[in-house]
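Novice: Okay, here's the prediction I keep looking at, along with the sequence it came from:
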Amino acid sequence: MNAVLDGIKVLDLSRILAGPYCAQMLGDLGATVTKVEAPWGDDTRGWGPPFLDDGVAAYHLSCNRSKEIIFHNLKEDKAEIQRLISESDVVIENFRPGQLERLIGPISKDVILCSITGFGQSGPRSQEPGYDLALQAMSGIMSITGEPDGGPVKVGVAWIDIITGLYAGNAILASLFHRERTGTRAHLDISLWDCAIASLANQGQNQIVSGDDPGLLGSGHPNLVPYQAFQASDGWVVIAVGSDTQFAKLSEYLDFENVWPTNQNRVDSRIEVASVIQSKVSAMTRTDVCDLLQDIPTSPINKISEALADPQSIARGVIGKWEGQEVLASPLRFISERKQ
């Protein structure tokens, strides 16, 4: 069942992360993905340490499994690239608008073309390059990521590249379905900018409704309190209270007076609420906190190694293999076909 895209041919002409991540997902779903890299290789091959035994950075492996990789100079091998395009169902590219056509000539109308750019095919910034860090800064996500008494920080992975790859994958799947129904092929205009703005979600909508810019809350939540990290005696835990009933239970378990019975009360008294909870948690271990608060969303802040070694990770097979190398596995799982 994982090979739901069996028979679909994808040509990946993209570099770095957003496009390759999208193509990797399609490969995980069973598509035949051919990635074309320049003779000197994708930039991410050198983005280390750490490096694999063959000298390629682990970063490259994180977004290029499930592909056959070949090497061509687009300027010199135009005929071969055009041949590969003609044999494909989907072409993914992330050149600046118009640049791919300038390099190899017109793109066949018989393929679904997914163009991933920094700012889209139109608008005053359309010819500007797009880098995840720059987009994190420009889109507003860094203005709400960081501690109140510190400065803004980036998300710990290339968040905008990843979500753009996922949005692009959704658009490609929808376009394949549309092609089956109508026979038409789409040109998809997917940008890091659009995806970043859309993914501001509740924070973006909060600004639209209130007119106020949200600020830095650390691990806190703009709409819920307590919903943040607390320091235990041996590390950190998060406590995520989503209802007044849960907070009443929390006050009972941690033995403090509930003088903030509503979420509005708690949002208005954010610092005081957090201070009381921190005073109760600081002498407890992470395990003690999680055991005590079992029916309230609570969890330790794991290191990546701890998350990968969690029994649930082992049971779900979150680490797979690609060409003999351990890799993060696809999260897309298909249970056997349902019978009527």
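Specialist: Cool, the structure landed. Numbering: from 1, shown residues only.
Novice: ok, the residue of the chain most remote from its centre - contacts?
Specialist: Distance from the C-alpha centroid of the chain, by C-alpha atoms, centre = their mean, peaks at Glu257 (40.0 Å). By C-beta atoms under 8 Å, 6 or more residues apart in numbering, the contact set of Glu257 is Ser251. Every C-beta, even on glycine, is put in place using the N, C-alpha and C of the backbone.
Novice: Distance of it relative to Lys280?
Specialist: To Lys280, Glu257 is 12 Å away according to C-beta to C-beta, to the nearest Å.
Novice: and what of Ile304?
Specialist: In terms of C-beta to C-beta, Ile304 sits 28 Å off from Lys280.
Novice: what about the two, which has more around it?
Specialist: Relative neighbour count places Lys280 above the other of Ile304 and Lys280, with 17 against 8, counting by other C-beta atoms under 10 Å.
Novice: so how far is the first residue of stretch 59-72 from its last?
Specialist: Distance across stretch 59-72, first residue to last, is 21 Å (C-alpha to C-alpha, to the nearest Å).
Novice: could you give the mean pLDDT of it?
Specialist: Stretch 59-72 shows a mean pLDDT of 96.
Novice: can you check stretch 23-43 too?
Specialist: Taken as a whole, stretch 23-43 has an average pLDDT of 97.
Novice: Need the residues that contact it.
Specialist: Applying C-beta under 8 Å, 6+ apart, the contact partners of stretch 23-43 are 2-16, 20, 60, 63-74, 81, 84, 88, 90, 92, 165-166, 169, 172, 330, 332.
Novice: Now do the buried residues in it.
Specialist: Neighbour counts over stretch 23-43 (16 or more other C-beta atoms under 10 Å) mark 23-37, 42 as buried.
Novice: Ok, stretch 142-161 next?
Specialist: Met142, Ile144, Thr145, Gly146, Lys154, Ala158, Trp159, Ile160, Asp161.
Novice: and the nearest residue to Leu100 once chain neighbours are set aside, what does it touch?
Specialist: In space, and not counting its chain neighbours, Leu100 is closest to Glu93: 5.0 Å by C-beta to C-beta, 6 or more residues apart in numbering. For Glu93, the contact set (C-beta under 8 Å, 6+ apart) comprises Leu13, Ser14, Gly19, Leu100, Leu113, Cys114, Ser115, Ile116.
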